[in-house]
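*Asks:* Okay, predicted coordinates and the sequence, questions at the end:
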Amino acid sequence: MRWCSNPTAPGAWSSADARSTIPNWPPRSPAASPGRSSRRRAASASSPSPTTGWRERPGPRTGSRGAGCSSSAASKPCWRPAGRWWIPARRRPADPRRAPVRLPFVEPGTPSLGAVTGEDVLGSAGSNRGGITWDGLYNVRDLGGHPTPSGRTRFGAVVRSEGLSLISEAGRSALLEYGIRTIIDLRSPGEAEQEVHPLRDLAGYRLLPLLDDAAVAEVDGIAAVPEVYAYMVERRGEQLVTILRAMIDSPTPQLVHCRAGKDRTGVVVALLLANAGVGRAFIVNDYALSDRMLRPLYDIWARQAGVTVVPGAEPMRRYPSTPEAMLSLFDRLDSCYGGPRSYLRSIGLTDQELLALGRLLLPAGVLMVTTAPD
């Protein structure tokens, strides 16, 4: 006999034959006769095991304790995926010691003063940046400590100040003890004759006027500070190249100064710091410090000139060192040349000289980052 879907075929085994010869045929539904799986579910429902998955657990499934949870599961969440427990991780509170350090560094090309103010620089480094106190000098500070993409500018490389005509013997001794080996005097020949430099006999003293006597007379007729700085970068490029090359070739520490230490010195220092990658906010605020640090000197100059000093009048303060004045210089360099480094290339400095000029301010062994925005 054979099983066949056509019960009338010769030799076919019909369903009637199956019912008569096979026990428990046909199979009955689970409701009629519970099988092994049904009996297992019934046993699990009558005596739940502690390891039973949530699919087999009777009762409502809820994620909160209390109503809806059995007493045996009151200490555990009622919801869990099949096969393993899921314990929600608790979020650890933020540790302030692990917070990222955010320096107020501003990339060159972004003239922003929101990161740091002149008061911050004064408060962190004192009125004489780098701990310099040379008696008779008021507008003196080291160019070290400014952040760059390569690190921070080093102390003991370049110091800026006003003219040294008022320096005392104690101040001169302190200057020499600081190790100054090169002095770059930016004053005109006429100014150098009028106020003889007290350290002109130093082996490293160099008179490199940014403005000659004719240029000084021409600048005196310019009323706005931004136009004075524009005159320096557009009309005195050859002199700027001579000054910067002398700084590259001279030993450190170096002292660069003019008469007040804010305009001619401010332009040279701004180009020097910008080439090293110092953020413009720091350059602008270092420049703006001169306006505050020179106030006692304005009174001294007024008395020397026989001008009656009225408190708060500052009669000798013709060109104030405001942040806007230096920002206007950077705006001009950006719009006319593409940035400070591009300007320095346009007046004749090579890329190798720019690298050497940057290394002048950076610690030994630190590579200068040249991929930062100009």
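*Replies:* Yep, that arrived.
*Asks:* Tell me if I'm right that residue 191 and residue 215 touch.
*Replies:* No: checked against CB atoms under 8 Å, the pair residue 191 and residue 215 is beyond contact range at 11.7 Å. In short, each C-beta sits where N, CA and C put it, glycine included.
*Asks:* who has more neighbours, the two?
*Replies:* Ranked by neighbour count (other CB atoms under 10 Å), residue 191 and residue 215 place residue 191 first, with 20 against 17.
*Asks:* In terms of helices and strands, where is the more buried one?
*Replies:* helix 189-194 (DSSP states H and E).
*Asks:* List the contacts of that helix.
*Replies:* 163, 185, 207, 209, 212-213, 216, 259 (CB atoms under 8 Å, 6 or more residues apart in numbering).
*Asks:* pLDDT for those - can I get that in CSV?
*Replies:* Formatted as CSV, those follow (pLDDT from 0 to 100):
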residue, pLDDT
163, 95
185, 98
207, 98
209, 98
212, 96
213, 96
216, 93
259, 92
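*Asks:* Which ones among those map onto strands?
*Replies:* If you go by DSSP state E, those have 185, 207 in strands.
*Asks:* Closest one of the contacts of helix 189-194 to residue 364?
*Replies:* Here the nearest of the contacts of helix 189-194 to residue 364, counting by CB to CB, is residue 185; it sits at 27.3 Å.
*Asks:* Moving along the chain from the worst-scoring helix or strand of the chain on mean pLDDT, name the first helix or strand you hit.
*Replies:* The helix or strand of the chain with the poorest confidence is helix 118-125; it has a mean of 38 (mean pLDDT, DSSP states H and E). Toward the C-terminal end, the helix or strand that comes next after helix 118-125 (DSSP H and E) is strand 141-142.
*Asks:* Which neighbours in the sheet does that next one have, and how are they oriented?
*Replies:* Partners of strand 141-142 in the sheet, by DSSP bridges, are strand 158-161 (antiparallel).
*Asks:* Tell me the helix or strand right after the strand it pairs with.
*Replies:* With secondary structure assigned by DSSP H and E, strand 158-161 is succeeded by helix 169-177.
*Asks:* hmm, back to that, put the buried members of the contacts of helix 189-194 into a PyMOL selection.
*Replies:* The PyMOL selection below is limited to those of these classed as buried (16 or more other CB atoms under 10 Å):
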select buried, resi 163+185+209+216+259
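*Asks:* quick one: residue 347 and residue 208, what's the gap?
*Replies:* 15 Å (CB to CB, to the nearest Å).
*Asks:* er, residue 221 I mean
*Replies:* Taken as CB to CB, the span from residue 221 to residue 208 is 24 Å.
*Asks:* okay, the two: which has more neighbours?
*Replies:* residue 208 (18 against 6).
*Asks:* The more buried one against residue 188, yeah?
*Replies:* No: Residue 208 is beyond contact range of residue 188, at 10.7 Å (criterion: CB under 8 Å).
*Asks:* How confident is the prediction for residue 79, by pLDDT?
*Replies:* If you check residue 79, the pLDDT there is 52.
*Asks:* going forward can the numbers begin at 795, since that is how I track them
*Replies:* Understood, numbering begins at 795; the last thing we discussed is residue 873.
*Asks:* residue ranges with poor pLDDT in this protein?
*Replies:* Within the chain, the stretches with pLDDT under 70 are 795-924, 1096, 1098-1113, 1164-1168.
*Asks:* Can you show me the helices along it?
*Replies:* Using DSSP state H, the helices found in the chain span residues 809-815, 830-840, 912-919, 963-971, 983-988, 1007-1014, 1019-1029, 1031-1043, 1058-1070, 1074-1087, 1089-1098, 1117-1131, 1134-1140, 1145-1153.
*Asks:* nearest to residue 928, of those?
*Replies:* So among these, helix 963-971 is nearest, using CB to CB, at 4.1 Å.
*Asks:* sorry, back to before: mean neighbour count, the helices of the chain: which tops it?
*Replies:* helix 1058-1070 (a mean of 25; mean count of other CB atoms under 10 Å).
*Asks:* Now do it against helix 1117-1131, angle only.
*Replies:* Helix 1058-1070 and helix 1117-1131 are oriented at 60 degrees to each other (axes from the mean of the first three to the mean of the last three CA atoms, to 10 degrees).
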